[in-house]
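> curious how this folds, go ahead:
(2 chains)
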There are 2 protein chains.
Amino acid sequence: MNLVDLCQRHILMDEFDFIEKLKHHFNFEILGDDCAVLPFGETDDLLITTDILVEDIDFRFSWSGPNLVGHKALAVSLSDLAAMAGEPVWAFFSVAVPELLWNEQFMTSFYEGINTLAEEFSVSIAGGDMSGSKDKFLVDCIVAGRCPRGTAVLRSGARPGDLIFVSGTLGGAQAGLRFLENGVRQEGAVDGPVRRLIKKQLQPRPEVTFSKHLGTGGLATSLIDISDGLSSDLLRLCRASKTGAVIEASGIPLDPDLDAVPPEMLRTGETVLDLALHGGEDFRLLFTVSPEDRRSVEAIGGIEIGRMVNDEETYEIVKSGDVEKLEARGFDHFRE
Amino acid sequence: MNLVDLCQRHILMDEFDFIEKLKHHFNFEILGDDCAVLPFGETDDLLITTDILVEDIDFRFSWSGPNLVGHKALAVSLSDLAAMAGEPVWAFFSVAVPELLWNEQFMTSFYEGINTLAEEFSVSIAGGDMSGSKDKFLVDCIVAGRCPRGTAVLRSGARPGDLIFVSGTLGGAQAGLRFLENGVRQEGAVDGPVRRLIKKQLQPRPEVTFSKHLGTGGLATSLIDISDGLSSDLLRLCRASKTGAVIEASGIPLDPDLDAVPPEMLRTGETVLDLALHGGEDFRLLFTVSPEDRRSVEAIGGIEIGRMVNDEETYEIVKSGDVEKLEARGFDHFRE
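So this is what the prediction gives:
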């Protein structure tokens, strides 16, 4: 969770006014959304994002090896760059390493996981820091990149009437998490849907390429990545843009492998649609588009799921013609 | 410790070849020394540094409140910018917060410590991330800044015959640490030398202003900050520049408050000079200068302590006319 999201979190504002004070400390004009947007040089903006992942809170070594933790740390930050239509260029890793894990096999595997993804997107690993740790392994991934001056796409640009799109299927990472929570492991799962779902949780693919197409076309009026779940991240986009939203259940692109989720892995009253609506960590892009750009966005693989409306109080999902209130039930780091 | 230093650490290279592998993963051309030096835009280089501080390894809450931890986290990274003659512009903080410390008083105090120092040097707090922590508090401070293209001062630029300078007195932070280790606390110490020494350990002042003068004059041929101790950091500078060094014990500017250190706080055979030679965390600048620039550097407060020599094997200190081998006995994160 970045600090902008923290500051918008009512649950914390109810608890104490620290968040209000934070606002005075931070330079909100450059805080941006998923990244800080910093003017640098004549023609470009510098984008910087940081994401901290803590062992046994954000990942577990019983679920994934160090290479996948390295992969995910970078993937999460690359997704933040993609979420503002920026081009990632450099990455930095600060790690705190317990003595037990300070060995060649572990550290090499960790950096290999980073490196494979970094090479794919031509990101240079440009530095970082390293400390011991008394207890848990921890990694803070910083990604710096660029976009032409003023072209970073903010959460606040959506207008009533804009169409809502996502960049791909949803729910896979959440389903993978359920299998992991039920004791299934990637190495134990046979090739096929279950293994693919677990992989979506442990080794997400940031939408760097999709974002590039979106940015080049100047297509998105607002943009965010789905890290905490569609229902929570769309609400953030609405709040920032001062709009409401109505989405169509039939339009939500379910991960095709969700069929493999057995009913006993769903909570009472929950459907696979709920995994796609409220599950996070698919790291798809969620964005809005003017109706006249619909075809251009479909051409690059965007999937339409609804539209923005004028009334800020309207936050709804249409299921088989019935209108329901849409609840933001995605992941909240300080609630769960 | 940054990754460049890690890669230079023989103790680790002896243990396993992970460091050799790391070198292939990192882009060493842009790794720089204390900061990454990244070309961005037409006229400037972007400098980025990260420093991770872990509770009970890099600081203790029994020694300092959250405001001083915030101050020190930023101070360490500002010092890295100063160590390349860069201008700090933006700071980011990723923190992992144990549930016990997640309250308004603690977090407000932490950010106030950051903010006071940030305002002094006109650094904008531009973002960061926040996670829970199972156990210890942790902060990763990232500072980004700039320098005119190609003017970042590297460790590798010293030439034989260059004079060695430091930016101020040494040994204070190490002496402060000794008092803390002996149970003296800042709030318990009366105003005067002991309190000032402890403050130097807990609330170091980065040499941002001195560095600016140095950079503007184009005076330094090589530059590093003294984070691990003069004897260790000067050796790093020699290794990078492929030179040796001879320093004069009488030239080392001892912190005037070192007189307050009682003999029982020194180790066997140790003198207060050793605190200045091997103690770290004063965050003074250590740099080399052409002889013709001696007066200009003295004019801004630089203190001459020795000269660089051609023979890489020569690493010596002159005490009352006697030449002794200088040992790198500064702090090593992975040895102590």
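> from here on, just use CA atoms for contacts and neighbour counts.
OK.
> pLDDT at residue A:190, what is it?
Listed pLDDT for residue A:190 reads 78.
> quick one: it from chain B, how far?
32 Å (C-alpha to the nearest C-alpha, to the nearest Å).
> which SS state does that residue fall under?
coil (DSSP: H, G, I helix; E, B strand; the rest coil).
> what about it, neighbour count?
Number of residues near residue A:190 (other C-alpha atoms under 10 Å in any protein chain shown) recorded here: 11.
> got a list of what the residue nearest the centre of chain A touches?
By C-alpha atoms, centre = their mean, the mean C-alpha position of chain A lies nearest to residue A:227, the distance being 2.8 Å. Residue A:227 sits next to A:233, A:280, A:281, A:282, A:283, A:284 when contact means C-alpha atoms under 8 Å, 6 or more residues apart in numbering or on different chains.
> change it to 7 Å
A:280, A:281, A:282, A:283 (C-alpha atoms under 7 Å, 6 or more residues apart in numbering or on different chains).
> okay, it: pLDDT?
Residue A:227 is given a pLDDT of 93.
> separation between it and residue A:143?
In this view, residue A:227 and residue A:143 are 17 Å apart by C-alpha to C-alpha, to the nearest Å.
> check residue A:66 too.
On the measure of C-alpha to C-alpha, residue A:66 and residue A:143 end up 19 Å apart.
> before we move on, the earlier item: where does the residue nearest to the centre of chain A land in three-state SS?
Residue A:227 ends up coil, using three-state DSSP.
> report the buried residues of stretch A:212-219.
A:212, A:214, A:215, A:219 (16 or more other C-alpha atoms under 10 Å in any protein chain shown).
> name the element the third one belongs to?
The one in question is residue A:215. In the assignment (DSSP states H and E), residue A:215 maps to helix A:208-217.
> run through who's touching that helix.
Counting by C-alpha under 7 Å, 6+ apart, A:78, A:79, A:82, A:85, A:220 sit against helix A:208-217.
> report the buried members of the residues you listed.
The buried subset of the contacts of helix A:208-217 - by 16+ other C-alpha under 10 Å - is A:78, A:79, A:82, A:85, A:220.
> quick one: the strands in chain A?
A:36-40, A:44-54, A:87-98, A:124-133, A:138-148, A:163-166, A:220-225, A:244-248, A:285-289, A:303-309, A:315-319, A:322-325 (DSSP state E).
> and of the ones you listed, who's closest to residue B:61?
strand A:124-133 (15.7 Å; C-alpha to C-alpha).
> give me the domain ranges for chain A.
A:32-148, A:155-325 (automatic domain parsing).
> figure out which of the ones you listed is closest to residue B:206.
Nearest of the domains of chain A (C-alpha to C-alpha): domain A:32-148, 18.5 Å.
> is the closest one anywhere near chain B?
Yes - using C-alpha under 7 Å from any C-alpha of the partner chain, domain A:32-148 reaches chain B at A:36, A:40-42, A:44, A:50-52, A:54, A:94, A:104, A:108, A:115, A:124-131, A:133.
> which among those residues count as buried?
A:36, A:40-41, A:44, A:50-52, A:54, A:94, A:104, A:108, A:115, A:124-131, A:133.
> residue A:260: how many residues sit nearby?
12.
> contacting residues around it?
A:193, A:194.
> distance of it from chain B?
32 Å.
> from residue A:178, how far out is that residue?
12 Å.
> likewise for residue A:329?
16 Å.
> one more: residue A:110?
24 Å.
> just residue A:230 next, same as before
18 Å.
> look at those two and report which has more neighbours.
Legend: neighbour count by other C-alpha under 10 Å for residue A:230 and residue A:178, higher for residue A:230 (31 against 19).
> excluding chain neighbours, what is closest to that one?
residue A:277 (5.2 Å; C-alpha to C-alpha, 6 or more residues apart in numbering or on different chains).
> give me the neighbour count for the one you found.
24.
> show me the contacts for it.
Taking C-alpha under 7 Å, 6+ apart, one finds A:229, A:230, A:231 in contact with residue A:277.
> give me the distance between the first one and chain B.
Distance check for residue A:229 against chain B: by C-alpha to the nearest C-alpha, it reads 18 Å.
> repeat for the second one
As judged by C-alpha to the nearest C-alpha, residue A:230 and chain B stand 21 Å apart.
> hmm, that residue is touching residue A:281, no?
No - applying C-alpha atoms under 7 Å, one finds residue A:230 not in contact with residue A:281, separated by 9.8 Å.
> ok, residue A:113 touching residue A:67?
Yes - between residue A:113 and residue A:67 there is a contact under C-alpha under 7 Å: 4.0 Å.
> return the helix or strand in chain A with minimum mean pLDDT.
helix A:10-15 (a mean of 41; mean pLDDT, DSSP states H and E).
> skipping adjacent residues, who's closest to residue A:314 in space?
Here the residue nearest residue A:314, using C-alpha to C-alpha, 6+ apart, is residue A:244, at 4.8 Å.
> for residue A:241, list the residues it contacts.
A:155, A:156, A:157, A:158.
> so how far is residue A:225 from it?
On the measure of C-alpha to C-alpha, residue A:241 and residue A:225 end up 15 Å apart.
> before we move on, what about residue A:252?
16 Å.
> the more surrounded of those two?
Legend: neighbour count by other C-alpha under 10 Å for residue A:252 and residue A:225, higher for residue A:225 (30 against 22).
> isn't that one right up against residue A:85?
No - using C-alpha under 7 Å, residue A:225 is not in contact with residue A:85; the gap is 10.5 Å.
> what's near enough to touch residue A:198?
A:173, A:176, A:177, A:186.
> could you find the closest non-adjacent residue to the first one?
Across the structure, with C-alpha to C-alpha, 6+ apart as the measure, the residue nearest residue A:173 apart from its sequence neighbours is residue A:201 (4.0 Å).
> what's the burial count for residue A:121?
15.
> got a pLDDT number for it?
Reported pLDDT for residue A:121: 97.
> ok, it to chain B distance?
For residue A:121, the distance to chain B - C-alpha to the nearest C-alpha - is 14 Å.
> run a quick neighbour tally on residue A:140.
Each residue near residue A:140 was counted by other C-alpha under 10 Å, and the total is 31.
> pretty sure it contacts residue A:53?
Yes - contact criterion C-alpha under 7 Å: residue A:140 and residue A:53 qualify, at 6.2 Å.
> quick check, pLDDT for residue A:257.
98.
> now do residue A:328
88.
> likewise residue A:17?
56.
> ditto for residue A:216
Confidence score, pLDDT, at residue A:216: 87.
> residue B:291: which of the contacts of residue A:277 is nearest?
Looking across these and measuring by C-alpha to C-alpha, the closest to residue B:291 is residue A:229, at 62.7 Å.
> any stretches of the stretch 101-250 of chain A with poor pLDDT?
Residue ranges of the stretch 101-250 of chain A with pLDDT under 70: none are present.
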